[in-house]
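Enquirer: sequence and predicted model, in that order:
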Amino acid sequence: MVKTFTLEIRFLGSAREVGRAAISVKTKTTHVLLDYGVMLNHTPGFPMHVPPREVDAVVITHSHLDHSGAVPIFHIQERKPVYGTRMTFDFANILIKDFINLSSYYLPFEFLELRSMMRSRKELWFRENVAIGDMNVQLLNSGHLPGGAQVLIESDDKRLLYTSDFNTIETRLLAPADQDYGELDAVIMESTYANEDHTPRKELEERFVTEVTDVVEKGGTVLVPAFSVGRAQEIACVLEAYHFEYPIMIDGMAREASRILMEHPEFVKDKRLFIDAIHETNWVESWRDRRLASKKPGVIISPAGMLKGGPAGSYLQMIGKKAGNAIFLVGYQIPGTPGKELLEKGRCVIDGRMRKVKAKVGFFDFSSHAGATELRETVKKFKGNPTVYVVHGAEGNCPKLAKWIKGEVGLQSFAPNTGDTFTI
């Protein structure tokens, strides 16, 4: 008798957009959510609603709020098991706490629900098998963030891969994504950089260190706005790898994230480099430290990565006024953020007024996502004849990559809209 068993996939968020990642996967008896994040606009945006009573478990791929930020919703009245790596939970705890502090007026949950979520966590290591109902679930290293994972689901005779955010390029902090997937029936993959390649890593690092050193040796201060989790530690590791000899300061939530990662160095590629890098930095502990750091030659690594909140905004007020200083952005800048405004127009709010920044402004593409070439090479390596669903891309990148997959690789592919449902 021919089996008619299927997996049902429904796209609740991150369809043709970057943000609020959320994917529902069902069998006849089990319902699992892969991520449940938020869209970080002026007011938080949420994925499509799912009644918590209908969900058996949530799997969080990594701690960034666009993948984890709305999971406490499933702990308002229920206590649903939540799966992820230990590192993902530790980082998500501090990021969601900060999110609640900043946006509590707009959120349907509070610290109590976050605590319930953390008590409901089920920690997994990479390649560890866990049964959730009639599904077998594994997490694979994604190369995107310490503890970040891809999800491989097997149920009956079907195998589904969710790449989430992933990176196949080795960085100073992380090993590349694990791509030993085996035969696949369906793939849900990101397309953040479907139309753009990144600068080769070695060339990028050398240019960054050269320009930072040039500013500091002339007596200037370099502000590096960086995401607290992952990017701040990556920049510290790059400077350490090139034996940067001048003062490096770390501020804001990047200090707490670095402390957490120091407790679990098994999640980084080179433990020695990472530990040495963090030991070489000085942690800013007070407003006095902050003022002194902004006046001395050296590097300040501080959130927020897009200059929206965090101590970086305060540093900008001081460092941006002097021509001998520099502000080097090292991550993607969303349109409408102060970082994007600074990059495009060379201006920002200083002393309450929009002003031209006198400091040198630069951008270094230390992305933790696969670029266009890496995305395409990944697709070419898929075994079996999987259907590919392309998500997590803005500005038409989802349909662009889906069209390329169908035309160049010959696999069936879709760029779903929010709410679309498919079966495999």
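Expert: Arrived safely, thanks for sending.
Enquirer: tell me which element the nearest residue to residue 64 once chain neighbours are set aside is part of?
Expert: Take residue 64 and drop its neighbours on the chain: the residue closest to it by CB to CB, 6 or more residues apart in numbering is residue 145, 6.9 Å away. From N, CA and C alone the C-beta is placed, and that goes for glycine too. Using DSSP states H and E, residue 145 falls within no helix or strand.
Enquirer: wait, residue 145 sits on residue 268?
Expert: No: with contacts counted by CB atoms under 8 Å, residue 145 stays clear of residue 268, the gap being 10.9 Å.
Enquirer: contact partners of whichever strand or helix holds residue 67?
Expert: Element membership for residue 67, per DSSP H and E: helix 65-68. Residues from elsewhere that reach helix 65-68 (CB atoms under 8 Å, 6 or more residues apart in numbering): 14, 18-21, 35-40, 60-62, 88, 92, 95-96, 99, 164-165.
Enquirer: let's see it at 10 Å
Expert: Outside helix 65-68, the residues that touch it by CB atoms under 10 Å, 6 or more residues apart in numbering are 13-14, 17-22, 34-40, 44-45, 58, 60-62, 82, 84, 88-89, 91-93, 95-96, 98-99, 103, 117, 144-145, 148, 164-165, 392.
Enquirer: thinking again about what came up before, what's the overlap in contacts for residue 145 and residue 268?
Expert: With CB under 10 Å, 6+ apart, residue 145 and residue 268 have common neighbours 87, 173-174, 234.
Enquirer: just say helix, strand or coil for residue 6.
Expert: Here residue 6 is recorded as coil under DSSP: H, G, I helix; E, B strand; the rest coil.
Enquirer: ok, now which ones touch it?
Expert: For residue 6, the contacting residues are 26-28, 155-156, 158, 422-424, by CB under 10 Å, 6+ apart.
Enquirer: which parts of the stretch 51-200 of the chain are strands?
Expert: In the stretch 51-200 of the chain, the strands defined using DSSP state E, counting those that start in this stretch lie at 57-59, 82-84, 121-123, 130-132, 135-141, 149-155, 158-164, 183-190.
Enquirer: can you list these in a markdown table and add distance to residue 256, mean pLDDT and mean neighbour count?
Expert: Below are those laid out as a markdown table (distance: least, CB to CB, whole Å; pLDDT from 0 to 100; neighbours: other CB atoms under 10 Å):
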| stretch | distance to residue 256 | mean pLDDT | mean neighbour count |
| --- | --- | --- | --- |
| strand 57-59 | 24 | 98 | 26 |
| strand 82-84 | 19 | 98 | 27 |
| strand 121-123 | 19 | 98 | 16 |
| strand 130-132 | 29 | 98 | 15 |
| strand 135-141 | 23 | 98 | 22 |
| strand 149-155 | 22 | 97 | 24 |
| strand 158-164 | 23 | 97 | 24 |
| strand 183-190 | 27 | 98 | 22 |
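Enquirer: adding distance to residue 358, write those out as a markdown table.
Expert: Shown next, in a markdown table, are the strands of the stretch 51-200 of the chain (distance: least, CB to CB, whole Å):
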| stretch | distance to residue 358 |
| --- | --- |
| strand 57-59 | 47 |
| strand 82-84 | 44 |
| strand 121-123 | 47 |
| strand 130-132 | 55 |
| strand 135-141 | 43 |
| strand 149-155 | 43 |
| strand 158-164 | 40 |
| strand 183-190 | 38 |
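Enquirer: OK, contacts around the residue nearest to residue 64?
Expert: Shown in contact with residue 145 (CB under 10 Å, 6+ apart): 61-64, 67, 85, 87-88, 91, 164-167, 173-174, 227, 229-231, 234, 267, 368.
Enquirer: let's see it at 7 Å
Expert: Neighbouring residues of residue 145 by CB atoms under 7 Å, 6 or more residues apart in numbering: 62-64, 229-230, 368.
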